[in-house]
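Q: Test case, fold it:
(chains A and B)
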2 protein chains.
Amino acid sequence: MKKKEFIKHGYQIIDKIAEYLSEADKYPVRSQVKPGEIKSQIPTTPPNESQNFDEILNDFDNIIVPGLTHWQSPNFYAYFPSNTSYPSILGELMTSGLGVNTFSWETSPAATELEEIVTDWLRQMIGLSDDFVGVIHDTASTATLCSILTAREKMSNFESGKKGIGGKIFRVYASSEIHSSVDKAVRIAGIGTDNLVKIPVDNNFAMRADLLRQAIESDLKAGFTPMCVVSAMGTTGSLAFDPIAENYKICKEFGLWHHIDAAYAGSAFILEEFKHLSELASHCDTFVFNPHKWLFINFDFSAYFVKDEESLIRTFEILPEYLRYKRGSEVKNYRDWGIQLGRRFRALKAWFVIRSFGVDELKAKIRNHIALGFMFHDWVKSNENFEILAPVVMNLVCFRLHPIGLDDESVLNGINVQLLDDINSTGKVFLSKTKLNDKFAIRMVTANLNLTEQHIRDAWNLIVETSDELIRKRLLR
Amino acid sequence: MKKKEFIKHGYQIIDKIAEYLSEADKYPVRSQVKPGEIKSQIPTTPPNESQNFDEILNDFDNIIVPGLTHWQSPNFYAYFPSNTSYPSILGELMTSGLGVNTFSWETSPAATELEEIVTDWLRQMIGLSDDFVGVIHDTASTATLCSILTAREKMSNFESGKKGIGGKIFRVYASSEIHSSVDKAVRIAGIGTDNLVKIPVDNNFAMRADLLRQAIESDLKAGFTPMCVVSAMGTTGSLAFDPIAENYKICKEFGLWHHIDAAYAGSAFILEEFKHLSELASHCDTFVFNPHKWLFINFDFSAYFVKDEESLIRTFEILPEYLRYKRGSEVKNYRDWGIQLGRRFRALKAWFVIRSFGVDELKAKIRNHIALGFMFHDWVKSNENFEILAPVVMNLVCFRLHPIGLDDESVLNGINVQLLDDINSTGKVFLSKTKLNDKFAIRMVTANLNLTEQHIRDAWNLIVETSDELIRKRLLR
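A: Numbering: from 1, shown residues only, chains lettered A, B, ... in the order given. Presented below is the predicted three-dimensional model:
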C-alpha cells in the first residue's frame, strides 16, 4: 500500500467509524449469526497476491459486520461497557502510527513520562491518596495477578519467585461474589484455587468482615499462611461494595496484603457524591480500575496503583544484558512493572480523552448514566410483575420477572432464562445475567457514551412486552 | 468532540502518520531528551474544562515528538523491530472504532472466527503442521507464560492450579541464551528462577543437547520433577537456533513439555529457503512467534500455537455464572486461552495486512531484509578493525570493534561500550547490544519495512567513522 492509498483509505475508515458510532443503535446488538457462519465465508488459505483494499473493506462490510456484537451501541446493556470515544480512537490511531514500544524509558522517554503523568491524573481524579503510583495494564485481570504475585513475594521475603512455592500454603481471601480473575490469578500464581477462601456475603452481596476474620484465624490455627485479601468496590454480579475499612483493618492486624478491584465502579469516584467511597479506596496496598470501561478511554486501558513501588519491581525485575541501560534509578522502566516486556504507548489516548473531554464533562457523562440507572430502577420497582434483586448503588440494575402469585424458584429461574433469551434474540437490546442467592438475575447496565433516556425507555418497553408475551403464553398452555 | 470534528482531526492524523512514516528517517532515532524533560512540560493536574483538539495536537508535536525514540525509522537497528505498516494501522483504527471485546464467541462471533482463520493462515505460512491451533496473545512473554503454566498443569495432573504447587519441585530447562521472559514466566508460575536450569551453549550460542540430557538425568536422580524445555529458534542475543530435533526427542523420552520461542525469526519461516528450519518448528507442544516484529502486523500481536487445545483450556477455564452461555462446545471462547478476560479484536489488522500485502510480497520484504543483513555482515567481516561475534543466519549481525593488536578483553569491552554510546548519541542510528562469551557485542538488525541499502550504507559509514575517531583519540592520549 502506497502513502496515497493509505491516506485515501484512512479517510474512508475515519468516515466509516463516524457513521458507525453515530448510528450504532441501528444494528442488531447481539450478532444474530450461527456458529461457523462467519468462518465459512472466508478462504481457509491466505492469498499469495496483494488484494485491493476496496475489496477488503467490502468484505469487512459484508462478512465481518453481521458477525459483530455491537458493544458501542447504546442498546448494549450487557456485562460492563467497553466505551470508546472519538478522542480515544484518535489516540489509538496515533499510537499505532508511531509504533513505539514502552518497555523502558530509553525506548521512548515521552511514552514513559506521559504514562507517569496520566496515571497520576487518574489517581487525582478518583481521589486516591498521593502515596500511590500508577501504571497502565491491559486488563484488571492482569493487574490483579500482579498484585497477588507481589503479595506472594512479600510474604515469602522475595523467595518464592526464586526458589518456588515451597512448604507454605498461602491463602487468599475474597467474597463469594468476587470476579473470576481472582480465581485465575491464584491459579496462575501456583497458590491454587482451593486456597482462595470465598467469604460469604451479606444481604447486600458484600463480604462479611466478621467471617473474613474468622477464616483468617481458623487458617492460622490450621497452619496455613494467610497472604492477601481481595476486596471488591463494585462486584461484577451486582455492584456490591465490600467493607473496605474493616477489611483493611483486618489486613493490617494480621499483616496481610490488601488489593481492591474497582474495575467498573472506580470511574464513578471522580464524582463528589461518591466521596465516601473514593475516600475508602486508599485503604489498600494496590488498587485497580478500568478507564476502558467507563471513562471513555477505549479498551485496553486498566489503571493499576501501588503504594510500594519497590516491591512491585522486585517481583518482576529481570535484567539480561540486552536490557541493561544506564539511568536505571532516575527513570521508570515499566517492563519491570508487570508480565509483558513489550508495551504499547497507551498513555497517549488517555491524554487525548481527559484533555478533550475535560474532567467536568467526564463527570457530567457519568452522573447522567447514574441518573438513567436510577430511572430504570424506579420503573422496574414500580411494576408489580418485576423484582429488584440487589441494592442499586450506581447504574447496574439486577432484576427479574416475578409475576404475582408465582413463587416457585425453579420456575422463576426458568422463565427468566427464557425472558432474557427472548429479549436478546430480538437484536434490539443486549442484556446479560448473573445469579444472586441462586436466583437468576437479569443485569442492566446504563453506561454507554451515547445513551439517551429514549433508548432506555425503548428497552424497558421491550422488556415489559416480552414479559407479557411470555406470561400470556404460559397461561394459554 | 462532535462527529464533524472527529472527521476533521481524523483526516489530520491520517495525514500526519503518512508524513511521519514516509520521513521517519529524518528524526533523531533515539530520543535526545534528558530524564524528566518531557514530564516537566506537562501540567501535573488534569484540566477541568474541555481543551481544543488543535491545542492538544500542537502539544503532541512540541512536547511528545521530541521525546520519542523512533521505532519506525529505517535507522532503528536496535533490539528487534516492531514494524507497523499502512494496512495494519487501518486495521487498528477500525478495531478501536468498533470497540468490540473478544472474550467469548458471543461477545462478537466475527472477532472470534476471524481469529481462528488468521491464526491458521499464519500457521500455514510458517509451515507448522496442521495439528496446531492458534490464538493471538499480546506478547511472546505472555504466550511463554501460558505454555509453562499448561506444562505445570499437565505435569501435576491439573492439580497445581487447584491445590497449589505442593511437594514437587518442578524444573524448567532452557539455554543460557534464552530470553528473560522465561525467567519471568518461571518466577510468576511459582516454580522459581532457581529451578530454571540454564544449559550451556556451544560455540554458535545454541543449547548443547548433550548437556540438556545430563541435566535432566541428574535432576531426576536428585528428586526433582523435570517439567519443560524451552528452546529458542533465534535467540535475542545473536539469533542462535537451539537443536530442536534433539531437544524434542529428549522431551519425548523423558515425558517433558517442549515450548519453542521463535519470537523474531519465526516470520522468516514463510521463506522456502528456511524450510529446513520451519520443518523443525512443529517438533514441540507449543510454539510462539511475533508477527508484530517482522510480519508488519503492528504491536501487539503474538501468534501462539498449541497442539493440545484441551490442556490449554483446562489450565485457564473458570466459569462464573455471568460468563456461562450455551454453545460452549461448538465455538471457541478465547478468554479460556490465556490470562486476560478482555481481549481486543486483533485479528482484523492481520487480515488486512496479509491480504493487502499478499504472502508473496511479505516474502519479498523479508528476503530483502536478509540480503541487507548479509551485505552488512560482509562489510564488517572485510574490515580488519572489526570482528563478527556470532554466526549470521538471517539479519542480525553481532560485531565489535577489534583494532589490530588490541587484544585485552576488558579494554575491548570498554571501547565498544564507548563506541555504541557515541554512535547512538548522534541520533543518526540506534543500535543495541548484548554479551556473547563475556564479550560486549553491538547488535545490528536490518528489518525495518522501509529500509533501503542506502540507509545501511550510511549506518556503516557512521560506525566506521566513529570507530576511527575513537581509535584516533585513544592513540593521542
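Q: And residue A:422, how close does it get to residue A:476?
A: Computed as C-beta to C-beta, to the nearest Å, the residue A:422 to residue A:476 distance reads 16 Å. Glycine gets a C-beta too; all of them are placed from N, C-alpha and C.
Q: Please say which of the two ends up with more neighbours.
A: Between residue A:422 and residue A:476, residue A:422 has the larger neighbour count (other C-beta atoms under 10 Å in any protein chain shown), namely 18 against 6.
Q: so what's the closest residue to the more buried one other than its chain neighbours up against?
A: Leaving aside its chain neighbours, residue A:422 sits nearest to residue A:466 (5.0 Å; criterion: C-beta to C-beta, 6 or more residues apart in numbering or on different chains). Residue A:466 makes contact with A:419, A:422-423, A:426 under the criterion C-beta atoms under 8 Å, 6 or more residues apart in numbering or on different chains.
Q: Shouldn't residue A:466 be within a helix?
A: Yes. Assessed with DSSP: H, G, I helix; E, B strand; the rest coil, residue A:466 lies in a helix.
Q: how much space between it and chain B?
A: Per C-beta to the nearest C-beta, to the nearest Å, residue A:466 is found 19 Å from chain B.
Q: Which one (most neighbours) among the contacts of residue A:466?
A: residue A:423 (23 neighbours).
Q: Strands of the stretch 301-450 of chain A, residue ranges please.
A: Listed in chain order, the strands of the stretch 301-450 of chain A (DSSP state E, counting those that start in this stretch) span A:302-306, A:386-388, A:396-401, A:432-436, A:439-445.
Q: ok, and which of those has the densest surroundings?
A: Among the strands of the stretch 301-450 of chain A, the stretch with the highest mean neighbour count (mean count of other C-beta atoms under 10 Å in any protein chain shown) is strand A:302-306, at a mean of 27.
Q: what distance separates that one from the middle of the whole chain?
A: Distance of strand A:302-306 from its chain centroid, counting by C-alpha atoms, centre = their mean, to the nearest Å, is 12 Å.
Q: Let me know whether it sits next to chain B.
A: No. Using C-beta under 8 Å from any C-beta of the partner chain, strand A:302-306 stays clear of chain B, with a minimum separation of 8.5 Å.
Q: what's the domain layout of chain A?
A: Domain assignment of chain A by automatic domain parsing yields the ranges A:3-68, A:92-357, A:359-476.
Q: got a markdown table for the ones you listed, with mean pLDDT too?
A: Output for the domains of chain A, formatted as a markdown table (pLDDT from 0 to 100):
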| stretch | mean pLDDT |
| --- | --- |
| domain A:3-68 | 97 |
| domain A:92-357 | 95 |
| domain A:359-476 | 96 |
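Q: Between these, which one is closest to residue B:277.
A: Nearest to residue B:277 among these is domain A:3-68; the distance by C-beta to C-beta comes to 19.6 Å.
Q: Could you tell me the end-to-end distance of the closest one?
A: Start-to-end span of domain A:3-68 (C-alpha to C-alpha, to the nearest Å) is 30 Å.
Q: Run the chain-centre distance for it.
A: The chain centre lies 26 Å from the centre of domain A:3-68; the measure is C-alpha atoms, centre = their mean.
Q: coming back round to it: what's the spacing between the residue nearest to residue A:422 and residue A:448?
A: Applying C-beta to C-beta to residue A:466 and residue A:448 gives a distance of 21 Å.
Q: same deal with residue A:365?
A: Applying C-beta to C-beta, the value for residue A:365 to residue A:448 is 10 Å.
Q: got a list of what the most centrally placed residue in chain A touches?
A: Nearest residue to the geometric centre of chain A (C-alpha atoms, centre = their mean): residue A:263, 4.7 Å. By C-beta under 8 Å, 6+ apart, the contact set of residue A:263 is A:80, A:140, A:179, A:234, A:236, A:288-290, A:293, A:302.
Q: Secondary structure and distance to residue A:55 added to the residues you listed, as a markdown table?
A: Shown next, in a markdown table, are the contacts of residue A:263 (DSSP: H, G, I helix; E, B strand; the rest coil; distance: C-beta to C-beta, whole Å):
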| residue | secondary structure | distance to residue A:55 |
| --- | --- | --- |
| A:80 | coil | 36 |
| A:140 | helix | 39 |
| A:179 | coil | 42 |
| A:234 | coil | 45 |
| A:236 | coil | 41 |
| A:288 | strand | 43 |
| A:289 | strand | 42 |
| A:290 | coil | 37 |
| A:293 | helix | 36 |
| A:302 | strand | 37 |
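Q: ok, of those residues, which one's closest to chain B?
A: Closest to chain B out of the contacts of residue A:263 is residue A:236 (5.9 Å), distances taken as C-beta to the nearest C-beta.
Q: shouldn't that closest one be in contact with residue A:80?
A: Yes. If you go by C-beta atoms under 8 Å, residue A:236 and residue A:80 touch, sitting 7.2 Å apart.
Q: And these two? Which one has more around it.
A: Neighbour comparison, residue A:236 and residue A:80: the larger count goes to residue A:236, with 26 against 23 (by other C-beta under 10 Å).
Q: measure the residue in the stretch 151-300 of chain A that chain B sits nearest to to residue B:251 for me?
A: The minimum distance from the stretch 151-300 of chain A to chain B, using C-beta to the nearest C-beta, falls at residue A:190 (2.4 Å). From residue A:190 across to residue B:251, the span is 22 Å (C-beta to C-beta).
Q: higher neighbour count, these two?
A: The residue with more neighbours, out of residue A:190 and residue B:251, is residue A:190; 28 against 23, by other C-beta under 10 Å.
Q: Leaving out the residues flanking it, which one is nearest to that one?
A: residue B:190 (2.4 Å).
Q: what about the one you found, distance to residue A:191?
A: For residue B:190 relative to residue A:191 (C-beta to C-beta), the value is 7 Å.
Q: tell me, what's touching those two both at once?
A: A:152, A:165, B:164.
Q: so what's residue A:374 closest to, chain neighbours aside?
A: residue A:392 (6.7 Å).
Q: for residue A:366, same thing?
A: Leaving out its chain neighbours, the residue that sits closest to residue A:366 by C-beta to C-beta, 6+ apart is residue A:268, at 5.5 Å.
Q: Likewise for residue A:156?
A: residue A:168 (7.0 Å).
Q: can you confirm that neighbour is in a strand?
A: No. Counting by three-state DSSP, residue A:168 is not part of a strand but coil.
Q: Next, report how far stretch A:368-378 is displaced from the centre of its chain.
A: That offset, for stretch A:368-378, works out to 20 Å (C-alpha atoms, centre = their mean).
Q: With stretch A:147-165 instead?
A: Put simply, stretch A:147-165 sits 26 Å off its chain's centre (C-alpha atoms, centre = their mean).
Q: which residues does the residue nearest to residue A:156 contact?
A: Taking C-beta under 8 Å, 6+ apart, we find residue A:168 in contact with A:155-156, A:225.
Q: any chance of these in a markdown table, plus neighbour count and secondary structure?
A: Formatted as a markdown table, these follow (neighbours: other C-beta atoms under 10 Å in any protein chain shown; DSSP: H, G, I helix; E, B strand; the rest coil):
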| residue | neighbour count | secondary structure |
| --- | --- | --- |
| A:155 | 19 | helix |
| A:156 | 21 | coil |
| A:225 | 16 | strand |
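Q: quick one: which of the residues you listed is nearest residue A:349?
A: Looking at the contacts of residue A:168 and their distance to residue A:349, the nearest is residue A:155, at 35.8 Å (C-beta to C-beta).
Q: coming back round to it: just the shared contacts of residue B:190 and residue A:191: which are in helices?
A: Among those, the members found in helices (DSSP state H) are residue A:152.
Q: out of the shared contacts of residue B:190 and residue A:191, which one sits closest to residue A:434?
A: Distances from residue A:434 to the shared contacts of residue B:190 and residue A:191, taken by C-beta to C-beta, are shortest for residue B:164, at 28.3 Å.
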